[in-house]
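Trainee: structure for the following, please:
(one chain, ligands or ions: 1)
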Amino acid sequence: MSKILIVEDEEAIADLEKDYLELSGFEVDIEHRGDVGLKRALTEEFNLIILDLMLPEMDGFDICREIRAQKNTPVIMVSAKKDDIDKIRGLGLGADDYMTKPFSPSELVARVKAHLARYERLIGTGVQENDIIEIRGIKIDKTARRVWVNGEEKNFTTKEFDLLTFLAQNPNRVFTKDELFREIWDMESVGDIATVTVHIKKIREKIEYNTAKPQYIETIWGVGYRFKV
Ligand code: CA
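Mentor: From the prediction side, this is the model:
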C-alpha cells in the first residue's frame, strides 16, 4: 500500500486530505510542523509527500530543497497563494507538482495517483535516480560531485559545481543572476550578483571549447543565463 505524508499546519485541511486519500486506499500520516515533517520525509519511506508552503519552524521551500538533495520521492507542493506557486516554479526546487488552495479533494487524489504511477514506471524501468546528468559531452556525477568534459575530469569549487549542476538540471530555462545568487549562495553570504558572473566565467573556462562562443551556458543579454540542451 502506498504511504503518503501530508505536511500541513491547518488541521482541518490536513484531515480532509487524509480522509479522501484513505478512502482511495492510501495510508496517510500527517505532520503539522515543518521541521518534524522534513525529518520524517528523510528518515522514513513514503511514496509521496504533500507539502504545504507556509509552515511553523521550517517552510516548504527549505523542506523541498532538503528532500530533493537526498531523495526522489514525489512532492506535491500546495499553497494558498498563486504568487507563491509561481515563485516555487521559478526557484526550480524540484517539486513534481503544484496546487493552489483551495482545491477539490478529488483533484488531489487524481494528481496523487498520477504521480505515484509515473514514479513507479520510472523506478520499474530502472532509470537511474538522477545521480548522473549527461548532456552533450558533459557528465556530472552529483553523488560523487565530479565532472567530466569529453571524458576528461575537471575540478570545480563547491559553488562552481552547485551552479553548473543547478543550470544543467534545469536546462533551457533562463535564470536571472539574482535568482542564481539566491539559489546557490546563502542569504548571509558576503557578495552580490557579480559573484555569479565571475563563477559563470570560471565554469565556462572549464567546459567550453571556445568561451567567446559558449555552447553550453548561454548569456541571455539583459536577463541572465541558460543551460542549452
Ligand atoms: Ca500553512
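
Trainee: now residue 211. Nearest residue, chain neighbours left out?
Mentor: In space, and not counting its chain neighbours, residue 211 is closest to residue 204: 4.7 Å by C-beta to C-beta, 6 or more residues apart in numbering. Where you see a C-beta, it was placed from the backbone N, CA and C, and this is true even at glycine.

Trainee: mind listing the strands for the chain?
Mentor: 3-7, 27-31, 48-52, 75-79, 97-100, 132-135, 138-141, 146-149, 152-154, 174-176, 217-220, 224-227 (DSSP state E).

Trainee: does any part of the fifth one sit near the ion?
Mentor: This points to strand 97-100. No. Applying C-beta under 5 Å from the ion, one finds strand 97-100 out of contact with the ion, separated by at least 12.8 Å.

Trainee: now that strand: buried residues?
Mentor: By 16 or more other C-beta atoms under 10 Å, the buried positions in strand 97-100 come out as 97-98.

Trainee: who does it pair up with?
Mentor: Here strand 97-100 has these sheet partners by DSSP bridges: strand 75-79 (parallel).

Trainee: mind checking how far the residue nearest to residue 211 is from residue 218?
Mentor: 10 Å (C-beta to C-beta, to the nearest Å).

Trainee: returning to that earlier point: point out the most buried one among the strands of the chain.
Mentor: Burial of the strands of the chain is given as mean neighbour count (mean count of other C-beta atoms under 10 Å); strand 48-52 ranks first at a mean of 25.

Trainee: re the thing from before, need the pLDDT of the residue nearest to residue 211.
Mentor: On pLDDT, residue 204 comes in at 97.

Trainee: residues from this protein in reach of the ion?
Mentor: Going by C-beta under 5 Å from the ion, the residues of the chain near the ion are 9, 52, 54.

Trainee: check contacts around residue 50.
Mentor: Contact partners of residue 50, counting by C-beta atoms under 8 Å, 6 or more residues apart in numbering, are 4-8, 17, 76, 78, 108, 112.

Trainee: and which of those residues is nearest the ion?
Mentor: residue 8 (6.4 Å; C-beta to the ion).

Trainee: skipping adjacent residues, who's closest to that closest one in space?
Mentor: residue 14 (4.0 Å).

Trainee: surely that neighbour and residue 30 touch.
Mentor: Yes. Taking contacts as C-beta atoms under 8 Å, residue 14 lies within contact range of residue 30: 4.7 Å.

Trainee: what do those two both touch?
Mentor: Residues touching both residue 14 and residue 30 by C-beta under 8 Å, 6+ apart: 6, 8.

Trainee: can you map out the helices along this protein?
Mentor: 11-23, 34-43, 60-70, 82-91, 105-124, 158-168, 177-184, 194-207 (DSSP state H).

Trainee: so what does the third one touch, helix or strand wise?
Mentor: Counting contacts by 3 or more C-beta pairs under 8 Å, 6 or more residues apart in numbering; DSSP states H and E, the secondary-structure elements packed against helix 60-70 are helix 34-43, strand 48-52, strand 75-79, helix 82-91.

Trainee: can you pull the buried residues of it?
Mentor: Applying 16+ other C-beta under 10 Å to helix 60-70 flags 60-61, 63-68 as buried.

Trainee: by mean pLDDT, flag the weakest helix or strand of this protein.
Mentor: Using mean pLDDT, DSSP states H and E, helix 82-91 stands out as the lowest-scoring helix or strand of the chain, at a mean of 75.
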